[in-house]
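K.L.:
Fold the following and give me the result.
(chains A and B, ligands or ions: 2)
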Amino acid sequence: MSKPNSRSSFGRSAGRSTFGRRGGTVTVIEDRVSRSYARTAKVAFYVVSLVVGLLAATITASYLPPVAAVLLGVLIGVVVGLLVAAIVVAWPVLRVLWWWSPEIGVTLAAGYGWVLLATHTNLLARLLVLAVLVGVPASIPAVRKRIIAFAWCAVTRHRLRVCFNEFIITNRSGTLPLILWARPTPTGERVWAWLRPGLSLPELHSRLDKIAVTCWASAVTVEAASDSNAALVRIDVKRRTVLTGTIETPLLGLVDDGTPTAERVVRPVPTALDLPDVPASNATADPGPVGNGTRPKAAKPAKNGKEPAPEPAAKATGEDVSDWI
Amino acid sequence: MPTTAAPVSVPVGPNLSMFDPAFLGLDEFGAPVHIPLAYRRLLIAGEPDGGKSSLINTVMAHIALCRDARPVLFDGKLVELGPWEDSADEFVGPDMDHAITTLRRLQTVMNNRYAWLLAHGRRKVTAADGLKAIPSLFDEIALYATVLGTKAQQDEFITLFRDLVARGRAAAMPVIAATQRPSIDIIPKSLRDLFGYRAAFRCTSAGSSDIILGDNWSHAGFCATTIKPTMPGVCYLIAEGGVPALMKVAYLTDAHIATLADYAAWVRTGDRTNPHPAPAVLAA
Ligand SMILES: Nc1ncnc2c1ncn2[C@@H]1O[C@H](COP(=O)(O)OP(=O)(O)O)[C@@H](O)[C@H]1O
Ligand SMILES: [Mg+2]
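P.N.:
Residues are numbered from 1 along each chain as shown, chains lettered A, B, ... in the order given. Ligands and ions are numbered 1, 2, ... in the order given. This is a model prediction of the structure:
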């Protein structure tokens, strides 16, 4: 709503050829947005004051004379209607306040705490408290990491808002998606958002690369967060690769220490392990009974119709089978 | 090795079941990934050295320790599933005739199981039945589908394989198959779509990734080309109807595999159609 108009000059120079007389694209959208909010506020004022006024008049009529009841009804209706209209008009501002609520909250708390300390202690004690408050979390790695992760959550929420504002086309009235809460994950952050009419999951999917750039992340994925409501989506911002260590299976913990080594039937081990060891007349794609010499079924020579080579003299010569695959 | 005079310890198996979820690894949010194996079909695909065989081994480790599983192994490379041979009812190497015979036997077992289910007025095998699951594990299915044997044999292999994949579910005969690229010539699309679970290891093109995971996942940001070659064992796992999850598979070293395989063979003594000689006898 209150976008600095200096940016319209940039929009104009870029949009001149396409939009001609309409001027900068940014200004047009902002105008449209504020006009739309004013119109909505007007409608809301009339509807709410009428409904609330009638209701109030009906109720007060049983306690007061009719004329007084009507007057009181009109008064209540106008007051409530104005209140609702004010909220509608102020909605973009309220939204900005919501976006910055963590920062506002932290700043207010810090300021209030400092003032409170200042009224009760001297400068030295204040500095001491400050040193403890900042120093202890900073020196404990787990706490420090946690705090940094939450700070990144705040950053990501703002970067996502920038995405929606800058390049994700919104609806006719220019409302932006509501960016809900965020929480740190091992790879980055996970943010929930409430899409407004005009946006959809596939539309976000087509802009994942740009979102990743805007969020200073390596990759971004967006998924539906609710089975019953397509408006609620979950955005995963990934900035770290975590799958680097080797994972052990818990099955190893089940193994009995007294397990004897399984005795396996000793098979002929091939000795022709280099190419010159295998003469051309012996070449076959069939390694013979190397694999399953234990079973009688495998004892019969396997036919491999693919190779019309002469029946090999020594089946057990074998080759490094792994090389074919 | 204890001498024969030492008291022989009795093998006690872990109380794992095919109907329990099997641990595969951790996802990128640090949460463990489990999949139930008894009714699922898992397709594993990706570049060489992506970690397909290590996922097959992790799955096999769970199966080997299950009290109610009698696995059948197909491994043209011998070395990947070979260590588990003692826990399997049948181990098929690079031998097309053996592969087809084994698949035919599996088909008959499956038919019998369905007739048994019909006779009992039921529609699927459950944990309470006392029937054992028969998981079939294939490493490098392409070897059987395109390399070994004659064209007719390959076609028969694919037909039998398709039947096993399509009908095995309710008979508790799950299929777990790995291949490099499940293109049309190796696994027809109609067959590929029967696999509810797919694991996509590193791919070189978004097209390959989509072939494995299903249409358009790369468009939504889930693309196996983003997995770096320096990260073996990382894959996108998609479960039926879900969203792919980036995960890292648990890794078994050769020593771990030997330990687990020995233990599995020990607790399964007497479980096989061709029983091995008792270890005590051979140890002499
Ligand atoms: N989960 C894993 N964790 C760590 N390293 C792995 C993992 N899976 C595979 N690797 C490494 O990658 C190599 C190739 O894995 P492999 O399973 O043989 O790949 P593929 O069967 O896809 O060709 C292994 O030798 C191992 O060093
Ligand atoms: Mg392999």
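K.L.:
Is B:Leu26 in a helix, a strand, or coil?
P.N.:
strand (DSSP: H, G, I helix; E, B strand; the rest coil).
K.L.:
Can you report how many residues neighbour it?
P.N.:
For B:Leu26, the neighbour count with other C-beta atoms under 10 Å in any protein chain shown is 19. (C-beta placed from N, C-alpha, C; glycine too.)
K.L.:
Test my guess that it contacts A:Gly245.
P.N.:
No - taking C-beta atoms under 8 Å as the definition, B:Leu26 is not a contact partner of A:Gly245, at 9.1 Å.
K.L.:
and the gap between the residue of the stretch 101-250 of chain B found nearest ligand 1 and A:Ala219?
P.N.:
Ligand 1 sits closest to B:Gly233 of the stretch 101-250 of chain B, with a gap of 2.2 Å, by C-beta to the nearest ligand atom. According to C-beta to C-beta, to the nearest Å, B:Gly233 stands 19 Å off from A:Ala219.
K.L.:
Just the pLDDT at B:Thr159, thanks.
P.N.:
With respect to pLDDT, B:Thr159 has a value of 91.
K.L.:
which residue ranges form the strands in chain A?
P.N.:
A:178-184, A:188-194, A:219-224, A:232-238 (DSSP state E).
K.L.:
who does the lengthiest helix in chain A touch, helix- and strand-wise?
P.N.:
For chain A, the helix that runs over the most residues, judged by DSSP state H, is helix A:25-60. With contacts taken as 3 or more C-beta pairs under 8 Å, 6 or more residues apart in numbering or on different chains; DSSP states H and E, helix A:25-60 sits against helix A:7-19, helix A:66-99.
K.L.:
give me the low-pLDDT residue ranges for chain A?
P.N.:
Applying pLDDT under 70 to chain A flags residues A:1-34, A:169-174, A:282-325.
K.L.:
So which residue is smack in the middle of it?
P.N.:
Residue closest to the average C-alpha location in chain A (C-alpha atoms, centre = their mean): A:Ile235, at 1.8 Å.
K.L.:
Can you list the low-confidence ranges for the stretch 1-150 of chain B?
P.N.:
Applying pLDDT under 70 to the stretch 1-150 of chain B flags the ranges B:1-11.
K.L.:
Output the set of residues of it in proximity to chain A.
P.N.:
Proximity of the stretch 1-150 of chain B to chain A, by C-beta under 8 Å from any C-beta of the partner chain, involves residues B:1-2, B:9, B:11-12, B:14, B:16, B:23, B:25-26, B:28-30, B:58, B:61-62, B:65, B:76-79, B:82, B:85-86, B:91-98, B:101, B:140, B:142-143, B:147-150.
K.L.:
What distance separates the opening and closing residues of stretch A:249-260?
P.N.:
21 Å (C-alpha to C-alpha, to the nearest Å).
K.L.:
let me fix that: stretch B:16-35
P.N.:
Stretch B:16-35: ends 14 Å apart by C-alpha to C-alpha.
K.L.:
hang on, B:Glu156 is in a helix, isn't it?
P.N.:
Yes - applying three-state DSSP, one finds B:Glu156 inside a helix.
K.L.:
quick revisit: for the residues of the stretch 1-150 of chain B next to chain A, which ChimeraX command selects only the ones that are buried?
P.N.:
Selecting only the buried entries of those in ChimeraX, with 16 or more other C-beta atoms under 10 Å in any protein chain shown as the criterion:
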select /B:11,14,16,23,25,26,28,58,61,62,65,76,77,78,82,85,86,91,92,93,94,95,96,97,98,140,142,143,147,148,149
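K.L.:
Which members of the residues of the stretch 1-150 of chain B next to chain A occur in helices, if any?
P.N.:
If you go by DSSP H, the residues of the stretch 1-150 of chain B next to chain A have B:Thr58, B:Ala61, B:His62, B:Met96, B:Asp97, B:His98, B:Thr101, B:Ala142 in helices.
K.L.:
what's the closest of these to A:Ala41?
P.N.:
Using C-beta to C-beta, B:Thr58 is the member of those that lies nearest A:Ala41, at 61.3 Å.
K.L.:
how about the residue lying closest to that closest one once chain neighbours are set aside, what does it touch?
P.N.:
Distances taken as C-beta to C-beta, 6 or more residues apart in numbering or on different chains put B:Ala250 closest to B:Thr58, at 5.1 Å, once the chain neighbours are dropped. If you count contacts by C-beta atoms under 8 Å, 6 or more residues apart in numbering or on different chains, B:Ala250 has them with A:Ile247, A:Glu248, A:Thr249, B:Phe23, B:Leu24, B:Gly25, B:Thr58.
K.L.:
where does B:Pro174 fall, phi/psi-wise?
P.N.:
Dihedral pair for B:Pro174: phi -70, psi 160, per degrees, to the nearest 10.
K.L.:
right, and it touches B:Leu164 too?
P.N.:
No - contact criterion C-beta under 8 Å: B:Pro174 and B:Leu164 do not qualify, at 9.4 Å.
K.L.:
nearest residue to the residue in chain A positioned nearest to ligand 1 other than its sequence neighbours?
P.N.:
Of all residues in chain A, A:Thr246 sits closest to ligand 1, at 4.8 Å by C-beta to the nearest ligand atom. Among residues not flanking A:Thr246 along the chain, B:Tyr251 sits closest, at 5.0 Å (C-beta to C-beta, 6+ apart).
K.L.:
And the one you found, how far from A:Thr175?
P.N.:
Counting by C-beta to C-beta, the gap from B:Tyr251 to A:Thr175 is 49 Å.
K.L.:
chain center to stretch B:88-95: distance?
P.N.:
Put simply, stretch B:88-95 sits 13 Å off its chain's centre (C-alpha atoms, centre = their mean, to the nearest Å).
K.L.:
From A:Val47, how far off is A:Arg196?
P.N.:
21 Å.
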